[in-house]
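Asks: Have a look; sequence and predicted model below, questions after that.
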Amino acid sequence: MRCNYCKKQCIKKGKYKTIQRYQCKDCKKYQQQKYIRPIIPEYKYEWVIKLNNECCGISSIGRLLSISKSSVQRMIIRIASTIQKPVYKENNQSYEMDELRTYCSNKNNECWIIYAINKATGDVIDFIVGRRTKENVKFVVDSLLSLNPKRIYTDKLNIYPRLISSIIHKVNKNCVNILHRCVSLYAYYINSLRFFAGCFRYSTVL
Ligand SMILES: [Zn+2]
């Protein structure tokens with residue numbers, strides 16, 4: 001057989017359970033001729049969504065459903081690819097914008113989730129995962145401006161006054177109802193945030 005990595009010749013080298021293993025003569029990597037992935041039943045996908053929404057980590061989900069961590073990661077990426085962004089057709093509403101600081105993989109790899117919610121309904125109107133730059137903040141602000149907002153409440157971040165007209169912009173000091181925000185974020189969208197964050201981790205360097 002030819003090496004899966006460098007296409008050079010491989011030799012038979014031991015067995016894994018009953019499956020013949022090969023080693024590349026050139027790059028020395030061990031491999032199999034064929035890899036059989038167990039088929040994961042659909043109901044486990046449902047459970048991945050439920051457990052993810054309850055903030056179970058990838059390892060916990062794997063343990064609870066008896067599937068490997070890498071399978072859980074693949075399932076999350078597959079589920080995330082089917083999430084569609086909702087289209088809102090409202091206007092004259094009040095919104096809250098905020099930035100959540102988090103990280104990808106390790107704490108040095110800081111990233112932000114910049115998001116906007118409708119103050120009354122708690123719907124997450126838009127969000128972006130990335131650095132806290134003017135471009136990223138503008139991306140979410142533009143989504144709100146397209147809905148002719150009555151008010152946009154933000155924190156004191158100095159980027160906002162440059163993007164939002166002072167007529168509709170209100171700076172929140174401490175009147176953001178954190179519980180309300182958390183509940184709405186988690187209940188409505190945290191699954192997609194986490195799914196998207198999962199995808200980001202594997203597809204881009206932030
Ligand atoms: Zn090789």
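Replies: Good, I have the coordinates.

Asks: Break the chain down into its domains, please.
Replies: Domain ranges of the chain: 1-36, 42-80, 94-203, per automatic domain parsing.

Asks: Pull out the buried residues from the one helix or strand D98 maps to.
Replies: Taking DSSP states H and E as the definition, one finds D98 inside strand 94-103. Neighbour counts using 16 or more other CB atoms under 10 Å place Y95, E96, M97, D98, E99 of strand 94-103 among the buried residues. C-betas here are computed from N, CA, C, even on glycine.

Asks: which pair in those residues spans the largest distance?
Replies: Comparing all pairs in the buried residues of strand 94-103 by CB to CB, the longest separation belongs to Y95 and E99, at 14.1 Å.

Asks: Return the residues of this protein in contact with the ion.
Replies: Applying the criterion CB under 5 Å from the ion, the portion of the chain that neighbours the ion consists of C3, Y5, C6, K8, C24, D26, C27.

Asks: Swap in 8 Å and give it another go.
Replies: Where proximity means CB under 8 Å from the ion, the interface of the chain facing the ion comprises 3-8, 10, 24-29.

Asks: Show me where this structure has its strands.
Replies: According to DSSP state E, the chain carries its strands in the segments 10-16, 19-24, 30-32, 94-103, 110-118, 124-130, 151-154, 169-171.

Asks: Listing request: residues of this structure with sub-threshold pLDDT.
Replies: Residues of the chain that meet the criterion pLDDT under 70 lie in 173-206.

Asks: export stretch 53-63 as CSV, just CAs?
Replies: Included here for stretch 53-63 are C-alpha records, laid out as CSV according to Å, rounded to 0.1, in the frame of the first residue of the first chain:
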residue,chain,number,x,y,z
ASN,A,53,-27.3,23.8,25.2
GLU,A,54,-26.8,22.8,28.8
CYS,A,55,-23.2,23.9,28.5
CYS,A,56,-21.7,20.4,28.6
GLY,A,57,-18.2,20.4,27.3
ILE,A,58,-17.0,18.3,24.4
SER,A,59,-15.4,15.7,26.6
SER,A,60,-18.4,15.4,28.9
ILE,A,61,-20.7,14.9,25.9
GLY,A,62,-18.4,12.3,24.6
ARG,A,63,-18.4,10.4,27.9
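
Asks: buried residues in it?
Replies: Of the residues in stretch 53-63, those with enough neighbours to count as buried (16+ other CB under 10 Å) are C56, I58, I61, G62.

Asks: Among those residues, which one sits closest to W47?
Replies: Using CB to CB, I61 is the member of the buried residues of stretch 53-63 that lies nearest W47, at 7.8 Å.

Asks: what bridges to the closest residue to N109 other than its chain neighbours?
Replies: What sits nearest to N109 in space, not counting adjacent residues and going by CB to CB, 6 or more residues apart in numbering, is Y103, at 5.4 Å. Here Y103 sits in beta bridges with E110, going by DSSP bridges.

Asks: Now do the same contact list for Y103.
Replies: If a contact means CB atoms under 8 Å, 6 or more residues apart in numbering, then Y103 has N109, E110, C111 as its contacts.
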